[in-house]
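**Q** sequence below, structure please.
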Amino acid sequence: MNGTSLLILGLTVTEERVYRHFLRNPGTLGEDIHVLLHAPREEVEAAQARLSQLGLLHGDQAAFCATDPEVAVGRLTDLRLRDLHEQLQQVTQSRHLIADLRAEQGAKSPVPQGVERLEELAQIRDRIDDLAFFAREEILSVEPYTALTADNIIHSRPLDTRCLRRGLRICSVVRKEVLDHPPTIAYLRELIAQGASIRVAEDLSERILVYDRQTALVPVDPADTSRGALVTQQAGLVSNILALFEKIWDEAVDLSLLIDAGSESVDVLSEIERRVLEELCRVGKDETGARNLDISVRTYRRHVADVLRILEASSRPHAALLARERGWI
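**A** Numbering: from 1, shown residues only. A predicted model of the protein is given here:
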């Protein structure tokens, strides 16, 4: 951010990101912001606490709002001048931050009766993260990828997991070719285990994202996603996009059925199942294994049952033996 950064006024990178977040999303929940910012919970909570002490945030975890940029910058400037007189000239030149912050404050104002065009990939990804983070009921998607990279999975897992834990209905259609990519199918199985509904389709080219049946995001050109994306809340457009999604969904096949059919290409453990398998081979008690993985005993035992089914093992010792024979552990 260089000259438009609040670091010069004494804020940390995390504190500035938190402040800017609440400028863009005033009155939103303070909990779980660390997921959206991809930062440790303790670090983000400490940043919220310091911003509140400085008077840059007001409210509580139920609803935070950021102080007006002019007031915030003025307060920080006064504090910095008081403590660092030798940097007086550099600090007093920071008033141009107000214009930058005001621009960001209105950068993501909803456009309920229009279509917004996003040009940059980073801008599109940020908007998708925001829409997923604030979704309250469901997320519908059609994504014609054939494989997910490790970076894709690392980026998606925290938000996907948070949405599913909050009880959101997630329905996704992907290309059938994902069955040929073990890391991708392992991640999709992980999402299914948490409650997601995933189907596969042949010859899929559409790209669709719909949040709470109110906001839709589609590419400007489905054949060339580098041209950007369109975001709309216009009722007529969203209804047509929903109708297209429902048609694709109805014609697709449940991925779980293909998994249950015993396809070798999907006979792969998800990350949590691999960790459960390791605990199963290392410890004797379910309570110990569940505690080591920071999950409930009930969830641990459900994953153990899945591991035994995938390995076609008759018992836990049998599963450990088969896993070692296959080189899974």
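**Q** domain parsing for this protein?
**A** Listed domain ranges for the chain are 2-105, 115-266, 271-326 (source: automatic domain parsing).
**Q** output those as a markdown table; include the columns mean neighbour count and mean pLDDT.
**A** (Glycine included, C-beta is placed from N, CA and C.) Putting these into a markdown table (neighbours: other CB atoms under 10 Å; pLDDT from 0 to 100) gives the following:
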| stretch | mean neighbour count | mean pLDDT |
| --- | --- | --- |
| domain 2-105 | 16 | 77 |
| domain 115-266 | 16 | 86 |
| domain 271-326 | 16 | 83 |
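**Q** so what does the helix or strand encompassing L140 touch, helix or strand wise?
**A** Per DSSP states H and E, L140 falls inside strand 138-143. With contacts defined as 3 or more CB pairs under 8 Å, 6 or more residues apart in numbering; DSSP states H and E, the packing partners of strand 138-143 are strand 169-175, strand 208-211, helix 235-251.
**Q** how about a cut-off of 6 Å?
**A** Counting contacts by 3 or more CB pairs under 6 Å, 6 or more residues apart in numbering; DSSP states H and E, strand 138-143 is packed against strand 169-175, strand 208-211.
**Q** looking at the ones you listed, which is closest to L140?
**A** Comparing the helices and strands packed on strand 138-143 against L140 with CB to CB, the closest turns out to be strand 208-211 (4.3 Å).
**Q** and stretch 216-232, how far out from the chain middle?
**A** Here stretch 216-232 is found 19 Å from its chain centre; the criterion is CA atoms, centre = their mean, to the nearest Å.
**Q** so what touches that stretch?
**A** With contacts defined as CB atoms under 6 Å, 6 or more residues apart in numbering, stretch 216-232 is touched by 115-119, 124, 205, 207-210, 238, 241.
**Q** tell me which element the closest residue to P158 other than its chain neighbours falls in.
**A** Nearest non-adjacent residue to P158, counting by CB to CB, 6 or more residues apart in numbering: V35, 4.9 Å away. Assessed by DSSP H and E, V35 sits inside helix 33-37.
**Q** list the contacts of that helix.
**A** With CB under 6 Å, 6+ apart, helix 33-37 has contacts from 17, 41, 44, 133, 158, 162.
**Q** contacts for the helix or strand harbouring the fifth one next, please.
**A** Under the assignment given by DSSP H and E, the secondary-structure element containing P158 is helix 150-165. Contacts made with helix 150-165 from outside it, assessed by CB under 6 Å, 6+ apart, are listed as 35, 132, 187, 194-195.
**Q** let's go with 10 Å and repeat that
**A** Helix 150-165 has contacts (CB atoms under 10 Å, 6 or more residues apart in numbering) with 32, 34-36, 38, 125, 128-130, 132-133, 135-136, 138-139, 145, 148-149, 168-170, 172, 183-184, 186-187, 190-191, 193-196, 271.
**Q** give me the phi and psi for S296.
**A** Backbone torsions for S296, taken as degrees, to the nearest 10, come to phi -70, psi 160.
**Q** now it: closest residue in space, sequence neighbours ignored.
**A** Distance criterion CB to CB, 6+ apart; nearest residue to S296, sequence neighbours excluded, is A290 at 6.2 Å.
**Q** am I right that the one you found is in contact with R298?
**A** Yes. Look at A290 against R298 with CB atoms under 10 Å: they come within range, at 8.4 Å.
**Q** mind listing the shared neighbours of these two?
**A** Counting by CB under 10 Å, 6+ apart, nothing touches both A290 and R298.
**Q** in the stretch 201-329 of the chain, which spans are helices?
**A** 235-251, 255-260, 271-282, 286-293, 297-311, 316-326 (DSSP state H, counting those that start in this stretch).
**Q** tell me which residue is most central in this structure.
**A** The chain has L159 as the residue nearest its centroid, 2.4 Å off, counting by CA atoms, centre = their mean.
**Q** how near is that residue to L168?
**A** Distance of L159 to L168, given as CB to CB, to the nearest Å: 10 Å.
**Q** so what sits against both of these two?
**A** Joint contacts of L159 and L168 (CB under 10 Å, 6+ apart) are 132, 135, 139.
**Q** which SS state does the first one fall under?
**A** Going back to what we said before, that points to A132. Of the three states, A132 takes helix according to DSSP: H, G, I helix; E, B strand; the rest coil.
**Q** still on that earlier bit, now for the contacts of stretch 216-232: which two are most distant?
**A** E116 and S205 (23.3 Å).
**Q** so L191 touches I170, yeah?
**A** Yes. Using CB under 10 Å, L191 makes contact with I170 at a distance of 7.2 Å.
**Q** which strand or helix spans the nearest residue to A252 once chain neighbours are set aside?
**A** Computed as CB to CB, 6+ apart, the closest residue to A252 that is not its neighbour in sequence is R199, at 3.5 Å. Using DSSP H and E, R199 maps to strand 197-201.
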